[in-house]
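**Q** quick one: sequence plus predicted model below, questions after.
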Amino acid sequence: LRELLASWCDSDELDVILTTGGTGFSPRDVTPEATQAVIERPAPGLAEAMRAASLRFTSHAMLSRATAGIRRRTLIINLPGSPKGAVENLQVVLPALPHAVQLLQESSQAEAGHTI
Amino acid sequence: LRELLASWCDSDELDVILTTGGTGFSPRDVTPEATQAVIERPAPGLAEAMRAASLRFTSHAMLSRATAGIRRRTLIINLPGSPKGAVENLQVVLPALPHAVQLLQESSQAEAGHTI
Amino acid sequence: LRELLASWCDSDELDVILTTGGTGFSPRDVTPEATQAVIERPAPGLAEAMRAASLRFTSHAMLSRATAGIRRRTLIINLPGSPKGAVENLQVVLPALPHAVQLLQESSQAEAGHTI
């Protein structure tokens, strides 16, 4: 999974990669670890917002280990494995995605004239 | 503390380890660092939920550096040092713990038939 | 930026360092990475509280990658680059800062009589 995510990001052809599943507590749930291994810049606010929204419905939401982050110009977001949970979580981040993608695509020229 | 936490987790006999204290800003507060050093898979949602709940009572809650995560099949959760705060925080995560422990104990056989 | 932050912290003369800007998604936004590289003890609750508060006004708040943490006895907090956002976020953490600074300044003598 780690190599697949990295190669997809490095192709510079994808704006956002959504993973589903593998974000829980069972021994096989290692999607967040694979994501952490390939991202260069974490985006913790996306996972926080998804968990905070889900927490209004169920206390089990606090068990989501979902993470999010940026590699090159691609944003990776972990969604839960249940279809219902995945849709709910996607709806939480959806309003921010257009702006996110726009920022990720800012040209190198714009970067040159900017200091941190 | 780091070695103690690791040896307890590796004994495969504990489902959940609750630490109390050492989660603040004073120079001696290093429980989260010891926890981070031994966990294999972070569980950020538990600490986020505890802080969000405490934040309704006091702005000082945002100073809690508590963390949580999984080593092998044991969940480690940091609680604050004050008895009142520790009980309040434990009550926040308590409803999710039975499900957490159940997932951690899923058999290796179940893992074998599963893809991430 | 990384070296500047580190040298300021190591001078033992600053209680709190507030950075502004560089916390977003554009390729030039690397302030959180510089901060992470120099802090010794993360303080995730401050960034969580700022994002949760801003999220009430705009879903774009979840795109803030701001981080916070402690190096020696100095607290570093990332604020967003927009003046409005920076002031709003500062107001969120302001009530907790006096206590934070007080804890950071606890003497080594106090440490000696304390176990984690």
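**A** Here it is on my side, so go on. As the structure is a computational prediction, the values presented were derived from the model and not from experiment. Residues are numbered from 1 along each chain as shown, chains lettered A, B, ... in the order given.
**Q** quick one, what contacts the residue minimising distance to the centre of chain A?
**A** By C-alpha atoms, centre = their mean, chain A has its centre lying nearest to A:Ile77, at 1.7 Å. A:Ile77 makes contact with A:16-19, A:46-47, A:66, A:68, A:93, according to C-beta atoms under 8 Å, 6 or more residues apart in numbering or on different chains. Using the backbone N, CA and C atoms, a C-beta is placed for each residue, glycine as well.
**Q** could I get the residues you listed in a markdown table, plus columns for neighbour count, pLDDT and distance to chain B?
**A** As requested, those are exported to a markdown table (neighbours: other C-beta atoms under 10 Å in any protein chain shown; pLDDT from 0 to 100; distance: C-beta to the nearest C-beta, whole Å):
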| residue | neighbour count | pLDDT | distance to chain B |
| --- | --- | --- | --- |
| A:Val16 | 14 | 97 | 19 |
| A:Ile17 | 17 | 97 | 14 |
| A:Leu18 | 15 | 97 | 14 |
| A:Thr19 | 24 | 97 | 9 |
| A:Leu46 | 27 | 98 | 12 |
| A:Ala47 | 27 | 98 | 7 |
| A:Ala66 | 26 | 98 | 8 |
| A:Ala68 | 28 | 98 | 11 |
| A:Val93 | 25 | 98 | 16 |
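**Q** can you tell me which of those residues are in helices?
**A** Among the contacts of A:Ile77, the members found in helices (DSSP state H) are A:46-47, A:93.
**Q** and A:Val92, how far is that from B:Leu18?
**A** According to C-beta to C-beta, to the nearest Å, A:Val92 and B:Leu18 sit 30 Å apart.
**Q** what of A:Thr67?
**A** 24 Å.
**Q** if we can go back for a sec, secondary structure class for the residue nearest to the centre of chain A?
**A** strand (DSSP: H, G, I helix; E, B strand; the rest coil).
**Q** run through the residues that contact the residue nearest to it when sequence neighbours are not counted.
**A** Excluding the flanking residues, the one nearest A:Ile77 by C-beta to C-beta, 6 or more residues apart in numbering or on different chains is A:Ala68, at 4.5 Å. Counting by C-beta under 8 Å, 6+ apart, A:Ala68 touches A:35, A:42-44, A:46-47, A:75-78.
**Q** what do you get if the cut-off is 10 Å, keeping everything else the same?
**A** By C-beta atoms under 10 Å, 6 or more residues apart in numbering or on different chains, the contact set of A:Ala68 is A:16, A:18-19, A:32, A:35, A:39, A:42-50, A:75-79, A:93, A:100, C:62, C:65.
**Q** do A:Pro80 as well
**A** So A:Pro80 contacts A:19-24, A:31, A:50, A:54, A:60-61, A:63-66, A:86-90 (C-beta under 10 Å, 6+ apart).
**Q** repeat for A:Gly24
**A** Taking C-beta under 10 Å, 6+ apart as the test, what A:Gly24 contacts is A:31-32, A:60, A:63-66, A:80-82, B:43, B:99-100, B:103-104, B:106.
**Q** flag whichever of those residues scores worst on pLDDT.
**A** On pLDDT alone, B:Glu106 ranks lowest of the contacts of A:Gly24, at 85.
**Q** the closest residue to A:Gly81 other than its chain neighbours: neighbour count?
**A** Closest residue to A:Gly81 apart from its sequence neighbours, by C-beta to C-beta, 6+ apart: A:Gly21 at 3.1 Å. By other C-beta atoms under 10 Å in any protein chain shown, the residues close to A:Gly21 number 18.
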